[in-house]
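Novice: generate coordinates for the sequence data below:
(one chain, ligands or ions: 1)
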Amino acid sequence: MSPVRGVVRKIDHLGRIVIPVEIRRVFGIVPGDDLDIALSSDGVGITVTKVENTCTICAGTDGLVEFKGKLLCITCRRSMVATLPMSTPPSPQNITGVG
Ligand SMILES: [Zn+2]
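Specialist: The predicted structure is shown next:
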């Protein structure tokens with residue numbers, strides 16, 4: 001059985017290759033997407049994986065916001081806020097008037 005071979009492309013003098021349009025379509029790769037390029041697990045090849053911008057906790061994509069280098073979706077942020085202890089309103093004795 002012969003090894004599976006994909007599309008053959010030449011690398012240019014700057015180290016660039018063009019990912020075939022058919023593959024870009026299959027994986028939904030569009031200009032500006034981040035791609036993770038790494039050695040394959042057996043160390044004899046290269047893998048290219050589209051980096052999906054998803055929530056660190058649930059992999060959701062709605063309302064993503066970066067917090068300390070991690071992406072969080074709106075649902076997870078709301079859940080986190082809901083688990084925070086409620087702030088205690090100041091007691092009347094601690095309120096000092098101005099003037
Ligand atoms: Zn989430």
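Novice: up against the ion, what does this structure have?
Specialist: 55, 57-58, 60, 73, 76 (C-beta under 5 Å from the ion). In this view, the C-beta of every residue, glycine as well, is placed from N, C-alpha and C.
Novice: at 6 Å what do you get?
Specialist: 55, 57-58, 60, 73, 75-76 (C-beta under 6 Å from the ion).
Novice: out of these, which end up buried?
Specialist: 55, 60, 73, 76 (16 or more other C-beta atoms under 10 Å).
Novice: next one: phi and psi at residue 48?
Specialist: phi -120, psi 120 (degrees, to the nearest 10).
Novice: what pLDDT does the residue most central in space within the chain get?
Specialist: What sits nearest the mean C-alpha location of the chain, by C-alpha atoms, centre = their mean, is residue 53, with 2.7 Å. Confidence at residue 53, expressed as pLDDT, is 86.
Novice: surely it is in contact with residue 64?
Specialist: Yes: applying C-beta atoms under 8 Å as the test, residue 53 and residue 64 come out as touching, 6.2 Å apart.
Novice: which neighbours do these two have in common?
Specialist: residue 71 (C-beta atoms under 8 Å, 6 or more residues apart in numbering).
Novice: circling back to that earlier point, turn the buried ones among the residues of the chain next to the ion into TSV, columns for secondary structure.
Specialist: Converted to TSV, those look like this (DSSP: H, G, I helix; E, B strand; the rest coil):
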residue	secondary structure
55	coil
60	coil
73	coil
76	helix
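Novice: which ones are touching residue 46?
Specialist: 37-40.
Novice: one more time with 10 Å
Specialist: Contact analysis of residue 46 by C-beta atoms under 10 Å, 6 or more residues apart in numbering lists 17, 37-40.
Novice: just the ones in strands from the residues you listed, please.
Specialist: 37-39 (DSSP state E).
Novice: which stretches in this protein count as strands?
Specialist: Counting by DSSP E, the strands of the chain are 35-39, 46-50, 65-67, 70-72.
Novice: now flag whichever of the residues of the chain next to the ion is closest to residue 26.
Specialist: When the residues of the chain next to the ion are compared for distance to residue 26 (C-beta to C-beta), residue 60 wins out at 22.8 Å.
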